[in-house]
Structures are given as C-alpha cells and as structure tokens.
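Chemist: What shape does this take:
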Amino acid sequence: MTEQNSRTSRLGWRRLLAATAATGVWTACLTGLAPSVAVADDIQSQQWYLDQMKAEEMWKVSQGEGVKVAVVDSGVDSSIPTLRGQVLPGKDLSGGPRDEMKDRDGHGTSMAQLIAGTGADGSVKGIAPKAKILSFKTGGDPAGRAGNGAVLFMGETIRAAAESDAQIINVSLAGGPDQVTRKAIDYAVSKGKLVFAGTGNEGKGGNFRQYPAALPEVAGIAAMGKSGKVADFSTHGRDTTLAGPGLDVPAWCDGKKKKYCVKGNGGTSAATAITSGAAALLWAKHPDWTANQVLRVLIKTASGTNKGKGRSKYLGYGGVRPRINLLEGKGDPGDPDISPLTGEKTINSRAGQKSSPGKGSDKDDAPDKVKVADSSSDDGSSNVLWISLGAVALVIVLSGGAFAWARARRE
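Modeler: Alright, predicted model coming up:
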C-alpha cells in the first residue's frame, strides 16, 4: 500500500458520515443516559434476544467451536472474565500503543463478548460462546482510544484481518467511502471471508449511506428491538441485508469496564456482532460451507424471507434466525462460489472452509442472487435516543456545510 493510498483512506473516513443537527454539530456523551448495572449482577437475564433466538437449544447443536471472528474495532480486553481464553492475537493499527488486547474505549470489548463471551461470573454471554475472537485494533487517536478518529486506519485494519485465519470479519464501525477500504473488502472476499458491517445509526439524522456496509460485497446489518421491528435510529435503504438484535443490548458503559449499560444501548454495532456470532454457529455446524453458503442460508432463513415479503429497506431480508437451520434443518446453501449479494462468482471462495466444499442440495431452490422486492412496511417507531459510546465527535466542515464523523453504533 502506498503512502498516497493510506493518506486517501484517512481523509475519506474523516470527510463523510453523519448528518448533524441544525447547528451542524453533535456531541456524543452517553454513559449517563442509560441505566447501568454492576458487573456482579446477572446481566444475562437482560439479554432478551437469547430466549427469542432459542440460544440454549441452538447451543446443543452448535456453539461456534472452531470458528474465528476478526473484530475490527477499538481493541478487545482479553482479561475480563467472559473473554478469558477467548481472544487470540490479531494486530494493532490504531496509531497508539501497540496492543490490540487493550481497549480504552470499551466498544470493541463489548462487541467481542456479544459474539463469543462465555458468560463467566454472570457477565454477558455471546451467541457463539465457543468461537474465538481475533482482535484487530483500528483508530488514529495517539492515546489508542477509538472515540476520536477510530476509522482512520479502517482499510489497513480490514486488510490485516483478511490476511488472518479468521473466517468472519465483524466491522461495527462506519465512515465515508475511500479506495483503501474498498480494496481491502475486495481482498477479504477474495480470501473467502464473510464480512458483516453495521448500516449505521443515522435513520433519524439524514440516513446517509455508510461504509463499509454500503459496499456490494458486505452484508449490511440493521438493528431491531424485541418486537422484531426496526429501531428508528437504524440507517435504512438498499444496503440493508439482514437485521440483528440492536436495542436494549448490554454493553460496557465506558472504557473502565466496571458497569454495563442496557436501556437504550445497542445499535447496529451490537446487531452486527450478534449476526457475526449467528454466522459462526452455522459455520461450526457446516465447516465445509463457503462464506457464500453461510450468508445465503442466513438470508433464506431470516424472519421476513419465509413470509413472502421479499427484501425490505428497513430490515433487509429480515431478522437473523440461525435456529431455522440448526434446529429445523432448513435453508439450502446453494452454489458455493456465487455471492448471494452480487450474484457474481467470488474468487477463491473456498478459502474460508475447514474442509472440502459442500454440495447444495438443489441449486434451483437456492438462486445465486436472492430477488429483491423493496418494501417499506416495517415499522420504525421505536422511541430511542440516538447515542453512541464515544465521548468525542470529530466535526469537519465540507463545501460550506458541517458534517460529523461517527461510528456505526447506538449506545
């Protein structure tokens, strides 16, 4: 990667993202906005989606064992009880102290535990508790925090994750378009990786397209609540592939990791992490599948798909439901080499497999590209404050207007 490309990446992520309030400025100060609970409390009782997704039943079939998920974020604190023994070395490209196992922000650690937390000491339990996390720390803040400039090295960090042996790449961050990130995603797909990214939390703030979720090879994840309806803050449109639980989801209140915040927390960040964990469950059960097949089954078994609604601009193909495959055996994986997102053949799509590629049981029943029929019938009426875990917003003035940088989260 040339110095010019690296510079382009940083500028691109700085320049575009969220619409601001009338003043053109927003301030993210969140921790005090949501009720918190001490770590010693049983936070699992507040993970409402575990019951809805029938996690205990799914875990009898698969817990994600053998699958690795790269978390591109603010770092992952591997010392907390729920993540002890769950985090493997990745890489730190934050520009700060070189240690991807440290997380001064708390966001990356929250995402990792939603994916693969063991639930030790009554803490958060991940949807795939036997999967492993690889931490890839992005940033730009000299102190190593993600709150100020967290996406400045996004493309470089995604490329590093693509070079690892992780099968899934979780990006619970967002920014503006740039060529370095686009090329990194292309590279990741060519290596057989399955990439999930949050669509963003701009549903009430301009609804701008956010990257990398807006790239055609990336599965964009929206946030939904207990009712199965889209959260009103969730960015919507043609980039939405699936939806995951993203409202009232436990997360660390701040980088100190002493308390969880629940009410109002989550966002497309959490929805993306839970969806990555759902993919890990499927891949552990079907290690011979490719990334295309895992994603195709998630799409075909989503909550909206079986109701004949087609694709919605709010929830995509619907809420993610790995239990439909794990417990009911439904969902044809289809062609291993054809992307269900683009309908095109991916290069080296078998790279993420554990063994030889599987055979789709009936290719006619598993179209290479799922048909899209836009629907706006989903209700986005949740009354939730638009907030994020970061404590600082980076304000940029472009073309006479003020724009703010933000990560794709709702906490």
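Chemist: Please make it C-alpha for all contacts and neighbour counts, starting now.
Modeler: Noted.
Chemist: Now do the phi/psi pair for the spatially closest residue to L93 that is not a sequence neighbour.
Modeler: Once flanking residues are discounted, L93 sits nearest to T138: 5.2 Å by Cα to Cα, 6 or more residues apart in numbering. Taking degrees, to the nearest 10, you get phi -110, psi 170 for the backbone angles of T138.
Chemist: Starting from L298, give me the distance back to T138.
Modeler: Per Cα to Cα, to the nearest Å, T138 is found 28 Å from L298.
Chemist: do you know how far the nearest residue to Q86 once chain neighbours are set aside is from G318?
Modeler: Spatial nearest neighbour of Q86, excluding adjacent residues (Cα to Cα, 6+ apart): K132 at 5.2 Å. Counting by Cα to Cα, the gap from K132 to G318 is 26 Å.
Chemist: Over to I299?
Modeler: For I299, the distance to G318 equals 8 Å [Cα to Cα].
Chemist: hang on, the earlier thing: more neighbours: K132 and G318, which one.
Modeler: G318 (34 against 25; other Cα atoms under 10 Å).
Chemist: Tell me the predicted confidence for the residue lying closest to that one once chain neighbours are set aside.
Modeler: Leaving aside its sequence neighbours, G318 sits nearest to G304 (Cα to Cα, 6+ apart; 4.2 Å). pLDDT, G304: 82.
Chemist: again with K359
Modeler: You'll see K359 listed with a pLDDT of 30.
Chemist: what do you get for K258?
Modeler: Looking at K258, its pLDDT reads 79.
Chemist: and what of G310?
Modeler: 73.
Chemist: Low-confidence ranges, the stretch 1-150 of the chain, go.
Modeler: Within the stretch 1-150 of the chain, the segments meeting pLDDT under 70 span 1-41, 96-97, 140-150.
Chemist: quick one: average confidence on stretch 212-227?
Modeler: For stretch 212-227, the mean confidence score works out to 96.
Chemist: ok, back up a step: could I get the contacting residues of the residue nearest to Q86?
Modeler: E65, G66, V67, K68, V69, Q86, V87, L88, A116 (Cα atoms under 8 Å, 6 or more residues apart in numbering).
Chemist: The fourth one bridge partners, please.
Modeler: This points to K68. Counting by DSSP bridges, K68 is bridged to K132.
Chemist: so how far is R182 from it?
Modeler: 23 Å.
Chemist: of those two, who's got more company?
Modeler: Set K68 next to R182 and count neighbours by other Cα under 10 Å: K68 wins out with 26 against 19.
Chemist: correct me, but that one touches S135?
Modeler: No. Contact criterion Cα atoms under 8 Å: K68 and S135 do not qualify, at 10.4 Å.
Chemist: burial count for the closest residue to D254 other than its chain neighbours?
Modeler: Distances taken as Cα to Cα, 6+ apart put G106 closest to D254, at 5.6 Å, once the chain neighbours are dropped. The tally of other residues near G106 (other Cα under 10 Å) stands at 26.
Chemist: One more: V61?
Modeler: The number of residues packed near V61 is 15, by other Cα under 10 Å.
Chemist: Now do the contacts for it.
Modeler: Counting by Cα under 8 Å, 6+ apart, V61 has contacts K285, L326, L327.
Chemist: Past the longest helix along the chain, which element shows up next along the chain?
Modeler: Identified as the longest helix of the chain according to DSSP state H is helix 267-285. Scanning forward in sequence from helix 267-285 by DSSP states H and E, the next helix or strand is helix 291-300.
Chemist: who does that following helix touch, helix- and strand-wise?
Modeler: strand 194-198, helix 267-285 (3 or more Cα pairs under 8 Å, 6 or more residues apart in numbering; DSSP states H and E).
Chemist: Now mean neighbour count too, for the ones you listed, in CSV please.
Modeler: Listed next are the helices and strands packed on helix 291-300 as CSV, based on neighbours: other Cα atoms under 10 Å:
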stretch, mean neighbour count
strand 194-198, 30
helix 267-285, 30
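Chemist: nearest to L50, of the ones you listed?
Modeler: With Cα to Cα as the measure, helix 267-285 is the member of the helices and strands packed on helix 291-300 nearest L50 (10.1 Å).
Chemist: quick one: average confidence on that closest one?
Modeler: What helix 267-285 shows for mean pLDDT is 97.
Chemist: Quick one: list the elements packing against it.
Modeler: The helices and strands touching helix 267-285, judged by 3+ Cα pairs under 8 Å, 6+ apart, are strand 68-73, helix 107-116, strand 168-171, strand 194-198, strand 219-224, strand 240-245, helix 291-300, helix 323-326.
Chemist: among the ones you listed, which is the most enclosed?
Modeler: strand 219-224 (a mean of 34; mean count of other Cα atoms under 10 Å).
Chemist: on contacts alone, who are the packing partners of it?
Modeler: Strand 219-224 sits against strand 194-198, strand 240-245, helix 267-285, with contacts defined as 3+ Cα pairs under 8 Å, 6+ apart.
Chemist: Now do the residue nearest to D254 against G75, distance only.
Modeler: From G106 over to G75 the distance is 8 Å, taken as Cα to Cα.
Chemist: Identify the bridge partners of the nearest residue to A271 once chain neighbours are set aside.
Modeler: The shortest distance from A271 to any non-neighbouring residue, by Cα to Cα, 6+ apart, is to G244 (4.2 Å). On the basis of DSSP bridges, G244 is bridged to A223.
Chemist: can you give me the helices in the protein?
Modeler: 3-15, 48-52, 55-58, 107-116, 154-162, 179-190, 267-285, 291-300, 323-326.
Chemist: can you give me how far the third one is from the chain middle?
Modeler: So the one you mean is helix 55-58. From the chain centre to the centre of helix 55-58 is a distance of 21 Å (Cα atoms, centre = their mean, to the nearest Å).
Chemist: before we move on, what about the longest one?
Modeler: Relative to the mean C-alpha coordinate of its chain, helix 267-285 is positioned 7 Å out (Cα atoms, centre = their mean).
Chemist: Ok, stretch 236-248 next?
Modeler: Here the centre of stretch 236-248 is set off from its chain's centre by 10 Å, with Cα atoms, centre = their mean.
Chemist: swap in stretch 108-121?
Modeler: In terms of Cα atoms, centre = their mean, the centre of stretch 108-121 is set 14 Å apart from its chain centre.
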